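Enquirer: My questions are about this predicted structure, shown below with the sequence.
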Amino acid sequence: MNHGGPKCFSKFKSLYNKYVHWLNRNKVQRDRFCIDHGAVLAVYGIRDCGDLDFIHDGYEKLLKQDSTHPFAIMDQDLNSHNGLYPRFYPLSKEEILYNPKNHFYYFEHKVLALPILLDIKKKLNRPKDISDLQLVEKHLKRYS
């Protein structure tokens, strides 16, 4: 992460603490989880996030437990992206999770590498993704 600046985004800070608490409470292997989408932009200091999404290897039963939303963790702000957009990811979840070129660590938790997120956002091509791409471009120009 050469062009990041962890700003104190209040929503991200709250969601990240909730995510870490959930991982610890359930004694999961955190190396099998990787934060993705909007929270990546928050880690880079680009914008705050509205929720915290992640991919993971295993733990499907745990993630669906006591939930009305099939990918929620008893909290609509923390969401598994396994199966949600698999056709938009340029790499398999295993390649993202276990190849250090495809993620970095924020404190002790994996975060999706920005180039991979950019590929995903280009493929999704929704209005919010286009806006995010413009924000990232502006952010990178500032540091080049």
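Expert: That came in fine, so what should we check first?

Enquirer: pLDDT below threshold where in this structure?
Expert: 1-7, 64-75, 84-85 (pLDDT under 70).

Enquirer: For it, which segments count as strands?
Expert: In the chain, the strands defined using DSSP state E lie at 33-36, 52-56, 78-80, 103-106, 109-112.

Enquirer: Specify the stretch among those strands that is closest to Glu137.
Expert: Minimum separation from Glu137 across those (C-beta to C-beta) falls at strand 109-112, 17.9 Å. The C-beta positions use only the backbone N, C-alpha and C, and glycine is treated the same way.

Enquirer: What residues sit buried inside that closest one?
Expert: His109, Lys110, Val111, Leu112 (16 or more other C-beta atoms under 10 Å).

Enquirer: again with stretch 77-88
Expert: In terms of neighbour count (16+ other C-beta under 10 Å), stretch 77-88 has its buried residues at Asp77, Leu78, Asn79, Ser80, His81, Asn82.

Enquirer: between these, which is nearest Leu23?
Expert: So of those, ranked by how close each gets to Leu23 (C-beta to C-beta), first place is Leu78, at 10.1 Å.

Enquirer: Now for that closest one: which residues touch it?
Expert: Leu78 makes contact with Leu15, Lys18, Tyr19, Trp22, Asp51, Leu52, Phe54, Ala72, according to C-beta atoms under 8 Å, 6 or more residues apart in numbering.
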